[in-house]
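# A predicted structure for the sequence below; I have some questions about it.
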Amino acid sequence: MLDDALKTARSQEEECRAYYGPVMSQSPATVIYVASSCKKGGSDDARAGCGIYWGDKSKRNVGASVPGAQSDARAALYAVVLALLNAPESRTLVITSGSQYAIRSFCYWAAGNATRGWPCTNADIIRVGSECLRARPAGVTFNWISREDGVKNTHFKAARALAKAAAAR
């Protein structure tokens, strides 16, 4: 009986592929940099913001305050959601983030959380982002950028500046 259960169990990768479905279209990739910031994190007067940077002088570059609970992790998730909501669905995306939590939330944990009824922290934002990803016919790749590389990357620094300004509002 245990053997049968183990044979039918899907790996995390298989579960994720089944949840999101296949990529139906591809285009040249649009690279988006997302970042988060939280002032006074963990306190009652914490303020979180996120930044989405599409490129030099793009009208889609934006910094936004985060709804609900205020944390850096929530801001990182919200940045991904805003990027997805503002990207053409038919466009292949590369989302570059410094948040391993945000990347893992969408790439590794979303399918399992959906199956269990979204028992996770920040489920409201992760659920919206997951639905955006599921609805997209074009693929999305997530890239993690380390803090060390982020301080050297002008695009990521621009996303961080947008996030910091939004958190300061």
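Received the coordinates, thanks. Numbers count the residues shown, from 1 in each chain.

# contacts and neighbour counts: CA atoms only from here.
OK.

# element containing the residue nearest in space to the middle of the chain?
Averaging the C-alpha coordinates of the chain gives a centre point, and the residue nearest to it by Cα atoms, centre = their mean is Val80 (3.3 Å). Element membership for Val80 (DSSP states H and E) is helix 72-85.

# and the contacts of the next helix or strand after that helix?
Where DSSP H and E defines the elements, the next helix or strand beyond helix 72-85 is strand 93-97. Outside of strand 93-97, the residues that reach it under the criterion Cα atoms under 8 Å, 6 or more residues apart in numbering are 29-35, 76, 80, 103, 138-145, 156.

# same check on stretch 60-70?
38, 41, 46-55, 74-75, 78, 86, 159, 162-163, 165-167, 169.

# is it true that Tyr19 lies in a helix?
Yes - assessed by DSSP: H, G, I helix; E, B strand; the rest coil, Tyr19 belongs to a helix.

# so how far is Ala138 from it?
Shown here: Tyr19 relative to Ala138, a distance of 15 Å by Cα to Cα, to the nearest Å.
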